[in-house]
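Visitor: Here is my input, please return the structure:
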Amino acid sequence: MRRVLIRAAGGYDKLEIVEEADPKGAIDVRAIGVNYADCVVRMGLYASAKKYVGWPITPGFDIAGVAPDGRRVVAVTRFGGYASRVVVPEGQVFEIPDDVSFEQAAAFPTAFLTAAYALFELAAPRPGMRALVHSAAGGVGSALVQLLRIAECEVHGVVGSEHKVDSVPVDRVFVREWDGDYDIVFDANGYKTLRQSYASLRPTGRLIIYGFHSMMPRSGGKPDWMRLAWGWLRTPRFNPLDMTGENRSVMGFNLSYLFDHNDRLQELMGRLLGWWQEGRLTLPKITTYPLDRVADAHRDLESGQTIGKLVLVP
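Guide: The predicted structure follows:
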């Protein structure tokens, strides 16, 4: 048997389907989660992808399928997930119940792990705090909304268009523009919103940054170097003296570095799977694509018009 995988090296036209020898002890992949980070990896702009793998690269952080011993599992990978067969360290593999589909399982890990790390490791929420979630209809955004509910916080959300409003179960929803003051703001947009996000913080407030979507191209799928340069120049620089005087914090992270702390990854994933099995977490709408239509999935995701999670099916 040979495995099929995707190699990425730039635009949509650089997504190649190739075959390799089937690795021993591999998970038979039935579904693969698609994340915006995969698009950034494909363009060669993801720092940890360059550090750990290089370019060209096979993207992919989430897979679900059948382990060599027959167990139905979900696994998190540090890249390499866009494939029909994947080898994953045992500590990154988790069993899933029979009533959970492979598509549901593949849509779960990265979005909820990103949200959980941002909230519980960095934001330190307390009951009654008011939080603002940007891109609240997306994978990470919808996960944050649910986890903030578990943390007993007041939740406001921002979405990019009117058709997404009804998909966001928050106390107050905004379309592009927002107001109010907050204890926590979660922002993956980049320069277009960071300055106002910081200004929206109450004293002791925390701005959590985990992406820079506004710097990415909106069409063509290739790096737009002028847009990137313009975004970099307009990205606010937060002065430690001002932050101290205003009693506000700014924190950023990249989930791919969590693989160097496997104990924390397992702790967060265990907690999340427990809440999911208890019915306290639900998945957003899932849209599936065949693996050979990965370019369509990336194009749709980069358009900013999708709701919920996208999943590839080998």
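Visitor: and residue 289, that's in a strand?
Guide: Yes - with DSSP: H, G, I helix; E, B strand; the rest coil as the criterion, residue 289 is part of a strand.
Visitor: beta partners of it?
Guide: Residues in a beta bridge with residue 289, per DSSP bridges, are residue 312.
Visitor: Pretty sure it sits against residue 297.
Guide: Yes - in this structure, residue 289 is within contact of residue 297 by C-beta atoms under 8 Å, at 4.4 Å. In this view, the C-beta of every residue, glycine as well, is placed from N, C-alpha and C.
Visitor: Between those two, which is the more surrounded one?
Guide: When residue 289 and residue 297 are compared for neighbours, residue 297 comes out ahead with 23 against 18, by other C-beta atoms under 10 Å.
Visitor: With residue 12 as the reference, measure out to that one.
Guide: 10 Å (C-beta to C-beta, to the nearest Å).
Visitor: Mutual contacts of these two, please.
Guide: Among the neighbours of residue 297, none is also in contact with residue 12 (C-beta atoms under 8 Å, 6 or more residues apart in numbering).
Visitor: sorry, back to before: now the common contact residues for residue 289 and residue 297.
Guide: 34, 310, 312.
Visitor: the helices in this protein, which residues?
Guide: Under the criterion DSSP state H, the chain contains helices at 36-42, 47-52, 102-106, 109-116, 139-150, 191-199, 225-234, 240-246, 262-277, 294-302.
Visitor: The second one: which residues count as buried?
Guide: The one in question is helix 47-52. For helix 47-52, burial by neighbour count (16 or more other C-beta atoms under 10 Å) applies to 48, 49.
Visitor: what about that helix, average pLDDT?
Guide: Helix 47-52 carries an average pLDDT of 86.
Visitor: now do the first one
Guide: If you average the pLDDT over helix 36-42, you get 89.
Visitor: Show me what counts as buried in that helix.
Guide: 36, 37, 38, 39, 40, 41, 42.
Visitor: Of those residues, which is the nearest to residue 50?
Guide: residue 41 (9.3 Å; C-beta to C-beta).
Visitor: What separation is there between that closest one and residue 275?
Guide: Residue 41 is 28 Å from residue 275, by C-beta to C-beta.
Visitor: Break the chain down into its domains, please.
Guide: 2-107+284-313, 111-256 (automatic domain parsing).
Visitor: now those domains in TSV, with distance to residue 271?
Guide: Formatted as TSV, these follow (distance: least, C-beta to C-beta, whole Å):
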stretch	distance to residue 271
domain 2-107+284-313	12
domain 111-256	7
